[in-house]
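Chemist: One predicted model, sequence on top.
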Amino acid sequence: MTIMQKFLWIIVSIGNFIAGYLYMYNPSFLSVALLLSTLLYSLIGLYDVFYSPHSLNRLYPVVAYLRYFLESYRVEIQQYFIANDTEERPFNREQRTLVYQRAKNVRDTIAFGTQRNLVEGNYLSLWHSLSPTHIKESAKRVSIGGDSCQQPYSASYLNISAMSFGSLSTNAIEALNLGAKKAGCYHNTGEGAASPYHLKHGGDIVWQLGTGLFGCRDENGRFNPTSFEATAKLPQIKMIEIKLSQGAKPGHGGVLPKEKITDEIARIRHISKDKDCISPAVNPECTSPKALLAFVQQLRSLSGGKPVGFKLCIGNPAEFLSICKAMLETGITPDFITVDGAEGGTGAAPVEFSNRLGMICLEGVHFVNNALVGVGLRDKVKIIASGKTATGFDLLAKIAAGADLVNAARTMMMAIGCIQSRHCNTNNCPTGVATQDPARAKAIDIKSKSDRVKNFHHNTLESFYELVGSMGLDDPCKLLPQMIKRRSPYGTLMSTGSLITPLKDNALLDGDIANEAWKNWWQSSSAEQFYVNDVYILTSPEFHQKK
């Protein structure tokens, strides 16, 4: 027997006898409390030993519950008492504090120097100029809309990324949209449709069509042109985004647990509330590269010529090149492509998908930028980067890698009160952000939290502009990948992407491809289908460098 099993039998026999004896001869408050305690301990312990399905309870009766109690608060204990300012994931204490400070418009400076190890491997940094300057006002917006677009949109460099009503509460959605209106940026609806809460306050909207086609689906879950057109032509809808995959769980459909599906959500999405809402992994209207582009063209026409693009996490590079080939063959190009990084977040994702699939944002953006340059289409398509943006440097790094603008989701949630408790998939969010519990959602004051969204947006952009200016540049468009310096494993600095020769304009079309990987991916891609067998043996570019 374990020590706790032996202790239980001592309590059951000797402990109860002594407590009963004391109670009989001195029926005081203390003797009553002692007797009740030993009896309760005995009952719980005997149940644990003989009936509990848990091994720990059988071996360590009663005290095993202490472990379960402490384990239930493990995240909070680690977050508040154990982890230092720079070691938590996905956002460490330093990053979260910076978001909160900027959202509240309070001092965001640090004292006594950096806590980061500036010589650790892969650490990113910039080289400043002795001739710093200021960003031109005319360079602080980005125009989205290609040759076929009749209603181009002028976007901010930083915007609110896709977060659905259903995943987030009504008050959270309203606070974000009102914040977007005050900040002058757009608010992506996420795949859960353009709900009344997205539209209530008049902030600019990017309507995302997920693989479930929520908000424009028929009884069979297929695309309904009539309902799409009615919503897409609303003046508040500025752009339409087709979701192919999501960085946090590429190759897996969206998941909304049934605990979070209310009657209203079921009505808006046109789904049942009796089971988890699981979107298909493949958009039924986009089963091939040519079908995707035909859908882009259809949505652009139905919306009255508004910018239409698609969102994906980059996996097999050859499959994205298949889309590029389809653009060339059909003559149809999207107005923008949103590149979601594998480090992106979601309310519910399988661990294996979240941890192991997809390219991170900087890699994905760098690849997509090169691919579009290589097929001569870079000037026709804007690139939007989405993945873990907390600071002005995060914004700068993505734009230097090849993006035109950036979306942020989790830090916008932090701006309205999220504390990274990681209970998004339980409906028990302690701050009322990621829940459908009305009592919890009421904790979010829409007006004050919208001001915090505006403040975070404004202050992060100011930091970004100041960083760009410190490099001697007056326009973020002048940023290049080589301006981001990465600490090599050997302790020296190297330019990001320096081991991979960037493609020249039309290089893929002209066959001017020195890199074997690019050559293999281009040759194996097809405009007729997405799937390409991943057989090319990828090796480090360092091995191909001339000695």
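Modeler: Cool, got the structure.

Chemist: what helices or strands is the worst-scoring helix or strand of the chain on mean pLDDT leaning on?
Modeler: Scoring the helices and strands of the chain by mean pLDDT, DSSP states H and E places strand 255-256 at the bottom, with a mean of 77. Other elements packing on strand 255-256 under the criterion 3 or more CB pairs under 8 Å, 6 or more residues apart in numbering; DSSP states H and E are strand 277-278. No exception for glycine: its C-beta is placed from N, CA and C like everyone else's.

Chemist: now the least confident helix or strand of the chain: how far from the chain's centre is it?
Modeler: Distance of strand 255-256 from its chain centroid, counting by CA atoms, centre = their mean, to the nearest Å, is 14 Å.

Chemist: same thing with stretch 189-209?
Modeler: Between the mean C-alpha location of stretch 189-209 and the chain-wide mean there is a distance of 17 Å, by CA atoms, centre = their mean.

Chemist: What of stretch 281-300?
Modeler: The answer for stretch 281-300 is 23 Å, by CA atoms, centre = their mean.

Chemist: Could you give me the buried positions within that stretch?
Modeler: Under the neighbour-count criterion of 16 or more other CB atoms under 10 Å, stretch 281-300 has 283-286, 288-297, 299-300 buried.

Chemist: Span of that stretch from start to end?
Modeler: Stretch 281-300 stretches 23 Å from its first residue to its last (CA to CA, to the nearest Å).

Chemist: what sits up against it?
Modeler: With contact meaning CB atoms under 8 Å, 6 or more residues apart in numbering, stretch 281-300 is reached by 148-149, 209-211, 213, 221-223, 225, 228, 232, 240, 242-244, 251-253, 306-310, 322-323, 325-327, 329-330, 332-335, 526-530.

Chemist: Buried ones only from those, please, as a ChimeraX command.
Modeler: Buried residues among the contacts of stretch 281-300 (16+ other CB under 10 Å), as a ChimeraX selection:
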select :148,149,209,210,211,213,221,223,228,232,240,242,243,244,252,253,306,307,308,309,310,322,323,325,326,327,330,332,333,334,335,526,527,530
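
Chemist: Strands - which of the contacts of stretch 281-300 land there?
Modeler: 209, 240, 242-243, 308-310 (DSSP state E).

Chemist: among those residues, which two are most distant?
Modeler: Across the ones in strands among the contacts of stretch 281-300, the longest distance by CB to CB is 12.4 Å; it joins Lys243 and Val308.

Chemist: between these two, what contacts are shared?
Modeler: Going by CB under 8 Å, 6+ apart, no residue sits against Lys243 while also sitting against Val308.

Chemist: Could you measure from the closest residue to Met471 other than its chain neighbours over to Leu467?
Modeler: Nearest non-adjacent residue to Met471, counting by CB to CB, 6 or more residues apart in numbering: Ser129, 5.4 Å away. Distance, Ser129 to Leu467, using CB to CB, to the nearest Å: 11 Å.

Chemist: who has more neighbours, those two?
Modeler: More crowded of Ser129 and Leu467, by other CB atoms under 10 Å: Leu467, with 22 against 12.

Chemist: looking at this, that one is in a helix?
Modeler: Yes. Assessed with DSSP: H, G, I helix; E, B strand; the rest coil, Leu467 lies in a helix.

Chemist: so what's it scoring on pLDDT?
Modeler: If you check Leu467, the pLDDT there is 98.

Chemist: who's in contact with it?
Modeler: 126, 392-393, 396.

Chemist: next one: Arg67
Modeler: Neighbour list for Arg67: Leu56 [criterion: CB under 8 Å, 6+ apart].

Chemist: what about Phe29, neighbour count?
Modeler: 7.
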